[in-house]
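Asks: All I have is the shape, not the residue letters:
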């Protein structure tokens, strides 16, 4: 089994392996930025990394930073260039207050109550009442990582200087992150327009010494959590309550973390394809670079290239070169097209959320240099809602695609003959044992649930605020559904990997491709081969958790994939006709122009 990279290398690759196709150039800038951060780190992801709020250029917030802060405990600091912007925005709000001007959200009520003018001596009370009244969320609380991501995104948006808050407020948000104070935020209650009002209000309660928060493993009253962390609550001033809750940060946090999880899941799904392809004696012909050059969808070519890397050096493929089978089922033959489309969907989603990291999404917005206050709709979650729903649809297809291969692995197949054939349900003694029969049932049930969760939330709208907010995005619902579906999908991929690894037991002593073999060995570290019946459930859960934690991350990494894609494109352009040979190596035309046979013994390829 190939040696795994050390923790620093694994951490760097996890930042690096996030992009595909048309967004590759942006990804390169992203990974260079992440590499700078990671070089200063020791131990787990995020340790030793400092993320700067309100930074610009190379110090702007990246998706990798969100993961590092939310899950890795990276520290945050206010960027130097942000301080002047925040101060200028706040000075302009103070001037509005002093002049007693009528400005929505600063000196008026909110939503349908925007026509009510608030006297100057009641503006602080207005902001406090806003937070209290809007804290109407229900249900189980969001997990710690998601709330930390929300805190980061909220602080970064305020640090842009267009929200009119004081520097002290942004610093308190950063202090919560650095001290490990996590507000308790109910997951449900946002309709994804006018921002994620209800959940963000629960977060804001802690800033004023109310609500609840977790600190040092305890759930405490907000004021007590602040006291133990040696932090002091703030009395909100004009505009600050509205700025805290009038943004898309809950949807954005869920989406940013889901994207990291989906890239990992998709790469695990590609690895599962490689194991299944060899276990099912599948053809490598559909991986030929010439096919994909004629359909230049970026994800398709990259998935095909990655499968070529994972399967290189297979001993199984040349063993059935003369089998006479012409074509495989779509879930083998069309893996580059289907999983490549999922790559492209992820690239689209990553673009949307990367753009949102630089957004200011409350209302109204302050343009201190021009002396303007503009009321608009940046708080509306539709761009995120559509992307989240699209990602859920792509996830459903990846999971469904995997389950069909698991079904195929259950056999039997009339073409699979001889002493190394796979028995029914992958058990050495079918009849006495049921093998993985019901594991496939479980995968089917999970896929059915994922399909239900893939129904778009964003196609629905229920008007709120007495009709003032007459079309809402339901993006928070889309985000919550996607999170649920991801947990199920990891189990679907785990089931396929368990089944494919078991299938490879019956192909021994022949070995699969080198990358597939490395994956097989890692699965076997957690899930022993099945000799007689045992409950598969613990194996499924253990492997799914390991996949989510990056078990297969370093196999055929994206950096090597870029080299493979480039080499294949050059060969195709030069007319040398690079393709996947049956022996797992690249085959090219001979010098006479005759096509090389699929393997060196001249057998017909499959």
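Replies: Received it, and whenever you're ready, just let me know what you need. Just so you know, these numbers come straight off a predicted model, no measurement behind them. Residues are numbered from 1 along each chain as shown.
Asks: what number of residues lie near residue 140?
Replies: 8 (other CB atoms under 10 Å). Every residue, glycine included, has its C-beta placed from N, CA and C.
Asks: ok, now the one 10 residues further on?
Replies: Here the number of neighbours of residue 150 (other CB under 10 Å) works out to 28.
Asks: ok, now residue 179?
Replies: That count, for residue 179 with other CB under 10 Å as the rule, works out to 16.
Asks: how close does the residue nearest to it when sequence neighbours are not counted get to residue 77?
Replies: Spatial nearest neighbour of residue 179, chain neighbours left out: residue 229 (4.1 Å); criterion: CB to CB, 6 or more residues apart in numbering. Separation of residue 229 from residue 77 (CB to CB, to the nearest Å): 17 Å.
Asks: Please apply the same query to residue 97.
Replies: Distance of residue 97 to residue 77, given as CB to CB: 29 Å.
Asks: part of a strand, is residue 457?
Replies: No: according to DSSP: H, G, I helix; E, B strand; the rest coil, residue 457 belongs to no strand; its state is coil.
Asks: Tell me the confidence at it?
Replies: For residue 457, the pLDDT comes out at 97.
Asks: Distance check, it against residue 482.
Replies: 9 Å.
Asks: Could you check which of these two is surrounded by more residues?
Replies: Per other CB under 10 Å, whichever of residue 457 and residue 482 has more neighbours is residue 482, with 27 against 22.
Asks: helix/strand/coil for that one?
Replies: helix.
Asks: Run through the residues that contact it.
Replies: By CB atoms under 8 Å, 6 or more residues apart in numbering, residue 482 lies in contact with 254, 255, 258, 388, 391, 392, 395, 453.
Asks: my guess is the last one meets residue 480, correct?
Replies: No: taking CB atoms under 8 Å as the contact criterion, residue 453 and residue 480 are not neighbours in contact, 9.3 Å apart.
Asks: With adjacent residues omitted, what lies nearest to residue 116?
Replies: residue 109 (4.0 Å).
Asks: was I right about that neighbour contacting residue 127?
Replies: No: checked against CB under 8 Å, the pair residue 109 and residue 127 is beyond contact range at 11.5 Å.
Asks: out of the two, which sits in the more crowded spot?
Replies: Using other CB under 10 Å as the criterion, residue 109 and residue 127 rank with residue 127 on top: 25 against 16.
Asks: next structured bit after the helix or strand hosting the more buried one?
Replies: Using DSSP states H and E, residue 127 sits in helix 123-134. Counting by DSSP H and E, the next helix or strand C-terminal to helix 123-134 is strand 138-141.
Asks: That next one: how far from the chain's middle?
Replies: Centre-to-centre, strand 138-141 and its host chain are 22 Å apart (CA atoms, centre = their mean, to the nearest Å).
Asks: Any buried residues in it, and which?
Replies: The neighbour-count check on strand 138-141 (16 or more other CB atoms under 10 Å) flags residue 141 as buried.
Asks: What lies in contact with it?
Replies: 147, 184, 185, 186, 187, 188, 189.
Asks: run the last query once more with 6 Å
Replies: Contacts to strand 138-141, defined as CB atoms under 6 Å, 6 or more residues apart in numbering, come from residues 184, 185, 186, 187, 188, 189.
Asks: Turn those into a markdown table, including neighbour count and secondary structure.
Replies: As requested, the contacts of strand 138-141 are exported to a markdown table (neighbours: other CB atoms under 10 Å; DSSP: H, G, I helix; E, B strand; the rest coil):
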| residue | neighbour count | secondary structure |
| --- | --- | --- |
| 184 | 21 | coil |
| 185 | 29 | coil |
| 186 | 17 | strand |
| 187 | 20 | strand |
| 188 | 15 | strand |
| 189 | 21 | coil |
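Asks: which SS class is the closest residue to residue 167 other than its chain neighbours?
Replies: Closest residue to residue 167 in three dimensions, ignoring its sequence neighbours and counting by CB to CB, 6+ apart: residue 86, at 5.1 Å. Secondary structure state of residue 86, per three-state DSSP, is helix.
Asks: Show me where the protein has its strands.
Replies: For the chain, the strands defined by DSSP state E cover 50-53, 75-78, 138-141, 182-183, 186-188, 212-215, 218-221, 365-367, 372-374, 579-580, 586-587.
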